[in-house]
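Undergrad: Sharing a model prediction with you, sequence too.
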Amino acid sequence: MSPTSSRRRKETQVEHRIPTPTLRRARPVRFFGLAALLGASLTLGGCARQMVSSETSLPGAAVPSVGSMPSDAGAPSGKTAIDAFLKAVNTQDLQGMSAYWGNSKGLARDQLKRDELEKRLIVMQCLMQHDKFVYAEDRPRLIAGGLQEYLVELTKGKVSARTTFTTVTGPGGKWLVQDVDVSKLRDFCT
């Protein structure tokens, strides 16, 4: 066997290796709740795809600066942030999802390493893939700190589930999806 083919075999083996974190109990996905997301990926088996990257920022992403956000990121309301986020989920557009996911400090893509961001987005994309969605309530529930919580019903095939999306205003007054309770969406990733 030549050194080149041996190297290719090792590279191939590395590309297919997926970390195996443990999950003690199901929790809502929080902005920095990596254990919950990775635990869900283990539960869901083949749903998660591994992304290999050595970069720490998304291609084309603006260099983060304190108190600012790219003008194309975020939405004018919490509801439109959820609409855009779920549209990006269905088109498997990780870049689009990352433009609407964050916290009061800004976008998640400006705060996380690229590989960590991609893993979280892929798991969320798998769990939230849907045929249709409707808002179960006309208005959001207001939560301390200016957060808004929306009850959303997702349907995929014959399976429906209601879950909550929490939105927050980021820098510049744009709304972002901060939390999603994915514990009720486990049947969606098939």
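TA: Structure's in. What do you need? Numbers count the residues shown, from 1 in each chain.

Undergrad: if I look at the closest residue to Ala75 other than its chain neighbours, how far off is Lys158?
TA: Distance criterion C-beta to C-beta, 6 or more residues apart in numbering; nearest residue to Ala75, sequence neighbours excluded, is Ala81 at 3.8 Å. Using the backbone N, CA and C atoms, a C-beta is placed for each residue, glycine as well. According to C-beta to C-beta, to the nearest Å, Ala81 stands 28 Å off from Lys158.

Undergrad: try Met128
TA: Per C-beta to C-beta, Met128 is found 17 Å from Lys158.

Undergrad: more neighbours, the two?
TA: Comparing Met128 with Lys158 by other C-beta atoms under 10 Å, the one with more neighbours is Met128, at 24 against 6.

Undergrad: From Leu127, how far off is Ala73?
TA: 22 Å.

Undergrad: what about the two, which has more around it?
TA: Neighbour count, other C-beta under 10 Å: between Ala73 and Leu127, Leu127 has more, with 28 against 24.

Undergrad: mind checking which helix or strand the more buried one is in?
TA: Leu127 is part of helix 114-128 when elements are defined by DSSP states H and E.

Undergrad: Over to Leu86?
TA: Short version, using DSSP H and E: Leu86 is in helix 78-90.

Undergrad: For Arg141, name its beta-bridge partners.
TA: Beta bridges link Arg141 to Glu149, judged by DSSP bridges.

Undergrad: Quick check: it touching Val152?
TA: No: using C-beta atoms under 8 Å, Arg141 is not in contact with Val152; the gap is 12.0 Å.

Undergrad: out of these two, which sits in the more crowded spot?
TA: Val152 (22 against 12).

Undergrad: quick one: which helix or strand includes that one?
TA: Using DSSP H and E, Val152 sits within strand 147-156.

Undergrad: As PDB, could you dump the C-alpha coordinates of that strand?
TA: Presented in PDB, the C-alpha positions along strand 147-156 are these (Å, rounded to 0.1, in the frame of the first residue of the first chain):
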ATOM      1  CA  LEU A 147     -38.400  38.600  25.100                       C
ATOM      2  CA  GLN A 148     -41.400  37.400  23.100                       C
ATOM      3  CA  GLU A 149     -42.500  33.700  23.100                       C
ATOM      4  CA  TYR A 150     -44.500  32.400  20.200                       C
ATOM      5  CA  LEU A 151     -46.400  29.100  20.200                       C
ATOM      6  CA  VAL A 152     -45.900  27.500  16.700                       C
ATOM      7  CA  GLU A 153     -47.400  24.300  15.400                       C
ATOM      8  CA  LEU A 154     -45.200  22.500  12.900                       C
ATOM      9  CA  THR A 155     -46.500  19.700  10.700                       C
ATOM     10  CA  LYS A 156     -44.500  17.200   8.800                       C
END
